[in-house]
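Colleague: Predicted model, plus sequence, below.
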Amino acid sequence: MSIDDLWYKNAVIYCLDVEKYQDGNGDGVGDFEGLMRRLDYIAGLGATCVWLQPFYGSPNRDNGYDVSDYYNVHPRHGSLGDFVNFMNHAAALGIRVIVDLVVNHTSIDSPWFQSARSSKRSPYRDWYVWADERPKNHRDGIVFPGEETSTWAMDRRAKQYYFHRFYRHQADLNTWNPQVRAEIQKIMGFWLQLGVSGFRMDAVPFLIEKKGANVEPQQDFTLLKEMRDFLQWRSGEAILLAEANVPPDESMEYFGDEGDRLQLMLNFPVNQRLFYALATADVGPLTAALEQTAKRPANAQWVQFLRSHDELDLGRLTDEQRQKVFTALGPERRMQLYDRGIRRRLAPMLGNDRRRLELAFSLLFSLPGTPMMQYGDEIGMGDDLRLPERECARTPMQWTAERHGGFTAGRRVVRPVINDPVYGYERVNVAAQRRDKDSLLNWTERMIRARRECPEISWGSFSVLRTNAPEVLALCYDWRNTSIITLHNFANRTRKVQLRVERARDEMLVEVFGGRHSRVRNDGTHVINMEPYAWRWFRVGSSDNTLHRSDLDVLPDHTIR
């Protein structure tokens, strides 16, 4: 099988919010016209796939995740015609597009919910989940503690309580209803017909659960199989990327033992332990998470990420571990959210330390799987803690030192552009970093280019190499007769790392990003000096994988271990 057949294996995903990326008509709100003008920037960065956060019709009480019209573009972002123009330009640049599929719930302003609440005879009544009395366990499972006090809200017109796992303005759909499932497929089919390459699925564990008062907990994974089957019939190469923050031992239920459900999942277990390692230099939990998530179907893939548009969720760390991350990366109460996460962008969390930022990005692009980055992180954007909840990390992209950071020519802007002395747009912007050969932006471009030339990381099997330095993570990737080794020092002190490679041609390790190669010692080990927060990538035995690669090899066993 060619490495191009499963395009998502070696993709680089770039996540952005149309509303905050570029305003093309001067009304202060990002739109598809503006985004289309910035596609060349995204292509130049090296991203191969753009993930669009919700841009549908919405009251916009939750950053567009409260959808009222799944079959249209919000008027503030343009029209369906603008979307098609954008898709055409993306295709011309070789950029794939995936869009958010938010079908766990709808806005209460949705015509479906408005019809459902109007009468028990409404054809949409059973599309939602109702109860005559508020269940006794109505406080269980609140996703946003501190913002909501119950998962059931009274609708005075319907004279019943409706279920909402998230905000009360987002009524949960009854996804066990066959009519709702059929509608979900129509939504998918609509956007596939307009050229998208798949969907990022929101809140998948809640999407597949059976909902209702006094209902026994139950999940229906056949829904994922149905969606995958529909997707593959309509578009053979489209994918499903799931947001599913579940323990590693449950992940195979989402992928499917035969790889016939989801192709991609965000790797929350690794993400949370990665930030624990960044906070403490203890790589033990991160190593364990990598090994626990190593098992997956051969055609499936984990998506690795640092920050996303949501809070940094630390809910699956122990209380002690979570507190250590809070202390190191978000010590003030205003930096924390929902008693489980941190609502900051990457650069402020890491103290704007270039060494630590490079370490984090090197990890992102060298962990097993497909890397996903959040817009603005490539230039080290900051956050605005004056904004509520997660909005602090969703500020407009900073393009230039001009007014509003070059985001809009209008007088007003959808969200304030960051304007502080450290992360303000006059200091941190794309134009300035373009001119600086040593900038974080240009460094990130070089990193992405090198990463795309290392299919071993996406396609190969990996193992954790044991070293004498507990603060250093050493990974080795093997694929088609080639091997790559990556080293990352989480400590703020120099470590002399001793390791055994035990691969063919391991007498020489050739550094990918520099000239500090390593020759094997007489005892069969390599000794590599790692400065504080240093990272190193090595090819085993060669500076290029082309001469030693065997494209005649078949894929490994169905399940990679």
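Modeller: In hand now; what should we look at? Residues are numbered from 1 along each chain as shown.

Colleague: report the longest helix in the chain, please.
Modeller: Taking DSSP state H as the criterion, the chain has its longest helix at helix 178-193.

Colleague: Please identify the buried residues of that one?
Modeller: For helix 178-193, burial by neighbour count (16 or more other CB atoms under 10 Å) applies to Val180, Arg181, Glu183, Ile184, Ile187, Met188, Trp191, Leu192. For the C-beta atoms, the positions are set from N, CA and C on the backbone; glycine is no exception.

Colleague: Show me what whatever helix or strand comes next after that helix is packed up against.
Modeller: Using DSSP states H and E, the helix or strand that follows helix 178-193 in sequence is strand 198-201. Judged by 3 or more CB pairs under 8 Å, 6 or more residues apart in numbering; DSSP states H and E, strand 198-201 is in contact with strand 96-101, strand 239-242.

Colleague: pLDDT on stretch 194-210, on average?
Modeller: Averaging pLDDT along stretch 194-210 yields 96.

Colleague: correction: stretch 104-119
Modeller: According to the model, stretch 104-119 has a mean pLDDT of 98.

Colleague: want to throw the buried residues of helix 178-193 into TSV with distance to Tyr70?
Modeller: Shown next, in TSV, are the buried residues of helix 178-193 (distance: CB to CB, whole Å):
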residue	distance to Tyr70
Val180	12
Arg181	14
Glu183	8
Ile184	9
Ile187	5
Met188	10
Trp191	9
Leu192	13
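
Colleague: Tyr167 is in contact with Thr106, correct?
Modeller: No - the pair Thr106 / Tyr167 is not scored as a contact, 11.8 Å apart, by CB atoms under 8 Å.

Colleague: anything in contact with each of the two?
Modeller: Common neighbours of Thr106 and Tyr167 (criterion: CB atoms under 8 Å, 6 or more residues apart in numbering): Asp66.

Colleague: which of these two has more neighbours?
Modeller: A direct count of neighbours by other CB atoms under 10 Å for Thr106 and Tyr167 places Thr106 higher, at 25 against 19.

Colleague: Using the three-state scheme, assign that one.
Modeller: strand (DSSP: H, G, I helix; E, B strand; the rest coil).

Colleague: For it, list each beta-bridge partner.
Modeller: Following DSSP bridges, Thr106 is listed with bridge partners Ala171.

Colleague: and the residue nearest to Val103 when sequence neighbours are not counted, how far is that from Ala279?
Modeller: With sequence-adjacent residues excluded and distances taken as CB to CB, 6 or more residues apart in numbering, Val103 is closest to Ile184, at 5.1 Å. Counting by CB to CB, to the nearest Å, the gap from Ile184 to Ala279 is 39 Å.

Colleague: still on that earlier bit, so who does the residue nearest to Val103 touch?
Modeller: When contacts are counted by CB under 8 Å, 6+ apart, Ile184 touches Leu101, Val103, Thr175, Met227.

Colleague: Okay, and which of those residues map to helices?
Modeller: Per DSSP H, the contacts of Ile184 map to helices at Met227.

Colleague: which one of the contacts of Ile184 is nearest Thr408?
Modeller: Leu101 (28.5 Å; CB to CB).

Colleague: From what I see, that closest one and Phe199 are in contact.
Modeller: Yes - using CB under 8 Å, Leu101 is in contact with Phe199, at 3.9 Å.

Colleague: what touches both of those two?
Modeller: Residues touching both Leu101 and Phe199 by CB under 8 Å, 6+ apart: Met188.

Colleague: Surely Trp191 and Val99 touch.
Modeller: Yes - using CB under 8 Å, Trp191 is in contact with Val99, at 5.9 Å.

Colleague: Common neighbours of the two, please.
Modeller: The contact lists of Trp191 and Val99 share Phe199, where a contact means CB under 8 Å, 6+ apart.

Colleague: Let me see the ranges of the strands in the stretch 51-200 of the chain.
Modeller: 56-57, 69-73, 96-101, 105-107, 130-131, 152-155, 160-163, 170-172, 198-201 (DSSP state E, counting those that start in this stretch).

Colleague: In contact with Gly198, which residues are there?
Modeller: Tyr8, Arg96, Ile98, Leu231, Ala238, Ile239, Leu240, Leu241, Gln263.
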